[in-house]
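A.B. asks: below is the structure, and that's it, no one-letter string:
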């Protein structure tokens, strides 16, 4: 018996076997069944490494069907699926990447309470057989590179912000007067001073000359002996209690080191992202929008991927979680709000980009924001409308390469 699977590829014709593979970081579990749901190979574990893949591929080779007649589904579990996915892709198998939420919802609808790797593999196969499977997006090499860089950049940026907050908190107790000299205790010169002399007591003990030498080595044009003298004078009169000074001084030194290291890595990532943008012809349309900086451009390319897989702009808006959702039950009607599906990073960057744009007098999105407020929208809702408009503009420019950006269309049309 064979089945015809609703296809997203012309090569996919008659499927004779359907496989479900549950992916883990170290091991996988796979099962094979026919379109009539009869089991051919019960759920079997194998290592998520080449020796394990060979065992799985031997099972596939024993089937009386070539790879193009074998449909294999697996969940997009972190990045654990990638190596096996591309290994099987090279064999010519038909692959479907499923969102974990899709298989979880199917599992619940079937009333299954137990959850094991063996059952998960069968559930994935059943999702494929049900006809409900929605194939996930597998990013290209370029998009995957964008994703890796921008997601790490965001993670490190959050880490840097956390280090800065902790440094500022420690400075308040170790040398509260320090900010009278250095308004930003996390600046380059301030960090150098704090690493060498992490408390008021340490500065008093060192006195002027070592401080002067350190400041001169950092920025001789900005800081000199008078600055060192002011720091020592403030340290002698400091309100610092000196409580837990040894532990806090060590903590401050380590945090300063961590911040500098993170900032250096962020600079490396910025360089890589800039180089990627400079060699990407697909980003040329987006670069016409003055409100879109390098980080916004990179996140749009990373999180939207190949927009040619969408047929309409509103599909891209829904993919980004910027579509409006209303919940109703009987006489009760909830408030309209964003669905917030998809990439949280995309919405976060759109929010910051929109927030900056509404304060720019020359921004078409700022004009659009003011018009939404004039129509009676609250400021928060108007800002969300700007985010939707930005996403719509980005999607349109990506879907229509070579088209010129017209800011007048932003001001003259409605949200979404």
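C.D. replies: In hand now; what should we look at? In this text the structure is predicted, and so the values were computed from the model without any measurement. Numbering: from 1, shown residues only.
A.B. asks: grab the most central residue of the protein for me.
C.D. replies: Centroid check for the chain by CA atoms, centre = their mean gives residue 151 as the closest residue, at 4.1 Å.
A.B. asks: quick one, what contacts that residue?
C.D. replies: Residue 151 makes contacts with 302, 345, as judged by CB atoms under 8 Å, 6 or more residues apart in numbering. All C-beta spots, glycine's among them, are computed from the backbone N, C-alpha and C.
A.B. asks: at 10 Å instead, please
C.D. replies: By CB atoms under 10 Å, 6 or more residues apart in numbering, the residues touching residue 151 are 299, 302-303, 343, 345.
A.B. asks: by pLDDT, rank these and give me the bottom one.
C.D. replies: Among these, residue 343 carries the lowest pLDDT, at 92.
A.B. asks: gap between that residue and residue 321?
C.D. replies: According to CB to CB, to the nearest Å, residue 343 and residue 321 sit 7 Å apart.
A.B. asks: then residue 380?
C.D. replies: Going from residue 380 to residue 321 by CB to CB gives 16 Å.
A.B. asks: who has more neighbours out of those two?
C.D. replies: Counted by other CB atoms under 10 Å, residue 380 and residue 321 do not tie: residue 321 has more neighbours, with 17 against 8.
A.B. asks: quick one, what contacts that one?
C.D. replies: Residue 321 neighbours (CB under 10 Å, 6+ apart): 338-344, 346-347, 391.
A.B. asks: any quick PyMOL command for the buried ones out of those residues?
C.D. replies: For the buried members of the contacts of residue 321, the matching PyMOL selection, counting by 16 or more other CB atoms under 10 Å, is:
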select buried, resi 338+342+343+346+347+391
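A.B. asks: can you put the contacts of residue 321 in CSV and add distance to residue 184 and secondary structure?
C.D. replies: Rendered in CSV, the data for those read as follows (distance: CB to CB, whole Å; DSSP: H, G, I helix; E, B strand; the rest coil):
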residue, distance to residue 184, secondary structure
338, 35, strand
339, 39, coil
340, 34, coil
341, 38, coil
342, 36, coil
343, 32, coil
344, 29, helix
346, 30, helix
347, 29, helix
391, 34, helix
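A.B. asks: quick one: pLDDT of residue 272?
C.D. replies: For residue 272, pLDDT reads 98.
A.B. asks: number the chain from 43, please
C.D. replies: Okay, using 43 as the starting number, the last item reads as residue 314.
A.B. asks: so it sits against residue 321, correct?
C.D. replies: No: assessed by CB atoms under 10 Å, residue 314 is found out of contact with residue 321, at 11.1 Å.
A.B. asks: select the longest strand from this structure.
C.D. replies: Counting residues, the longest strand found in the chain (DSSP state E) is strand 81-89.
A.B. asks: pull out the buried positions in that one.
C.D. replies: For strand 81-89, using 16+ other CB under 10 Å, the buried residues are 83, 85, 87-88.
A.B. asks: who's in contact with whichever helix or strand comes after it?
C.D. replies: Proceeding N to C from strand 81-89, the next assigned helix or strand is helix 92-103, under DSSP states H and E. With CB under 10 Å, 6+ apart as the test, helix 92-103 has contacts from 59, 61, 63, 68-74, 82-83, 86-89, 109, 112, 114, 125-126, 129-130, 133, 135.
A.B. asks: who's in contact with residue 129?
C.D. replies: By CB under 10 Å, 6+ apart, residue 129 lies in contact with 92, 95-96, 98-99, 135.
A.B. asks: equivalent analysis for residue 334, please.
C.D. replies: 325, 328, 340-342, 391, 395, 399, 432, 435-436, 439, 447.
A.B. asks: using TSV, lay out the contacts of residue 363 together with distance to residue 413.
C.D. replies: Listed next are those as TSV, based on distance: CB to CB, whole Å:
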residue	distance to residue 413
380	20
381	24
382	25
383	27
384	27
385	28
386	28
388	24
389	22
433	18
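A.B. asks: between the contacts of residue 363, which is nearest residue 303?
C.D. replies: residue 386 (26.2 Å; CB to CB).
A.B. asks: got the contact list for the closest one?
C.D. replies: By CB under 10 Å, 6+ apart, the residues touching residue 386 are 196, 345, 363.
A.B. asks: check which residues of stretch 425-435 are buried.
C.D. replies: Quick answer for stretch 425-435 (16+ other CB under 10 Å): 425-435.
A.B. asks: also stretch 394-407?
C.D. replies: Under the neighbour-count criterion of 16+ other CB under 10 Å, stretch 394-407 has 395-396, 399-400, 405-407 buried.
A.B. asks: from the residues you listed, which single one is nearest residue 416?
C.D. replies: Minimum distance to residue 416 across the buried residues of stretch 394-407 is 13.2 Å, recorded for residue 400 (CB to CB).
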